[in-house]
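**Student:** This is a predicted model, with the sequence first.
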Amino acid sequence: MSIAHRRPPHPFHLGILAAMAWIVAGAGVVAGAAQDEDQVRIARLQYDGGGDWYCDPSSLPNWLEIFSLRTGIPTADRDVVVTLDSEDLYRYPFLYMSGHGRVKLSGTEVQELRRYLDAGGFLYADDNYGLDESFRAMIREVFPEEELVALPGSHPIYSSFYELPGLPKIHKHDGEPARGFGVFRDGRLVVFYSYSSDIGDGLEDPDVHGDPAEVREAAARMAVNILMYALTHP
């Protein structure tokens, strides 16, 4: 199916408005009665190239539960998996990708990701140690006219719910500092990239990596901030 005959240009308003209504109303009052379509969801991006897009399987269900418990905003029980040619891609304003290896998008997928982001979508990419080179090449294809820029600790994504000094360091790997990067379009942050941090690892079930409680709490707080920022900065 050609891109020209696919989806309307601004398809994300319903999910964002539903979440905003819960925020404004203080949430929690009738959370059990929320309809399925009003729940916040995370869509995991399945991509080609050999990278393990499916990594950290317990991280996203845990993230959704944490977000709901701490903010009062109703969430789905599990994430969904989408590709860039999925018919329901535009039902989900928040797209997540991670992995350790190579990402390869076709020309059509590059155009579709650009269109998705320019239509109001948000992409959070979490480097799970090994994604960096391939991810940066992907972003250059999607937005050749933009730069992946380092975000200062004062950026609102670090204070959208919890006040954090910047991106937390969850796993050591090469000893590189944790750094957050972004792509902006017309002043709107459309891509957030966490490098050398491993937020997804910190969200996994406690017995997967054996991280201490304070490390897992740091990952949880950053994850809440990322999702809250995306919902409140459409």
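**Tutor:** Ah, there it is.

**Student:** Residue 59 against residue 200, yeah?
**Tutor:** Yes. Residue 59 lies in contact with residue 200 (C-beta atoms under 8 Å); the separation is 4.4 Å. Using the backbone N, CA and C atoms, a C-beta is placed for each residue, glycine as well.

**Student:** Any buried residues in the top helix by length along the chain, and which?
**Tutor:** In the chain, taking DSSP state H as the definition, the longest helix is helix 213-232. By neighbour count on 16 or more other C-beta atoms under 10 Å, the buried set for helix 213-232 is 215-216, 218-231.

**Student:** Quick check: which helices or strands does that helix pack against?
**Tutor:** Where contact means 3 or more C-beta pairs under 8 Å, 6 or more residues apart in numbering; DSSP states H and E, helix 213-232 is packed against helix 13-25, helix 59-71, strand 94-99, strand 122-127, strand 188-195, helix 199-203.

**Student:** what comes into contact with the last one?
**Tutor:** This means helix 199-203. By C-beta atoms under 8 Å, 6 or more residues apart in numbering, the residues outside helix 199-203 that reach it are 55-56, 58-60, 62-63, 66, 98, 126, 128, 168, 170-171, 208-209, 211, 215-216, 218-220, 222-223, 226.

**Student:** again, 7 Å this time
**Tutor:** 55-56, 59, 62-63, 98, 126, 128, 170-171, 209, 211, 215-216, 218-220, 222-223 (C-beta atoms under 7 Å, 6 or more residues apart in numbering).

**Student:** try the fourth one
**Tutor:** Outside of strand 122-127, the residues that reach it under the criterion C-beta under 7 Å, 6+ apart are 93-98, 117, 135, 190-196, 199-200, 226, 230.

**Student:** can you tell me how far the nearest residue to residue 106 once chain neighbours are set aside sits from residue 205?
**Tutor:** Leaving aside its sequence neighbours, residue 106 sits nearest to residue 48 (C-beta to C-beta, 6 or more residues apart in numbering; 7.7 Å). In this view, residue 48 and residue 205 are 28 Å apart by C-beta to C-beta, to the nearest Å.

**Student:** Look up phi and psi at residue 138.
**Tutor:** Main-chain dihedrals, residue 138, degrees, to the nearest 10: phi -60, psi -50.

**Student:** burial of it, as a residue count?
**Tutor:** 22 (other C-beta atoms under 10 Å).

**Student:** Likewise for the one 4 residues further on?
**Tutor:** A total of 22 residues lie near residue 142 under the criterion other C-beta under 10 Å.
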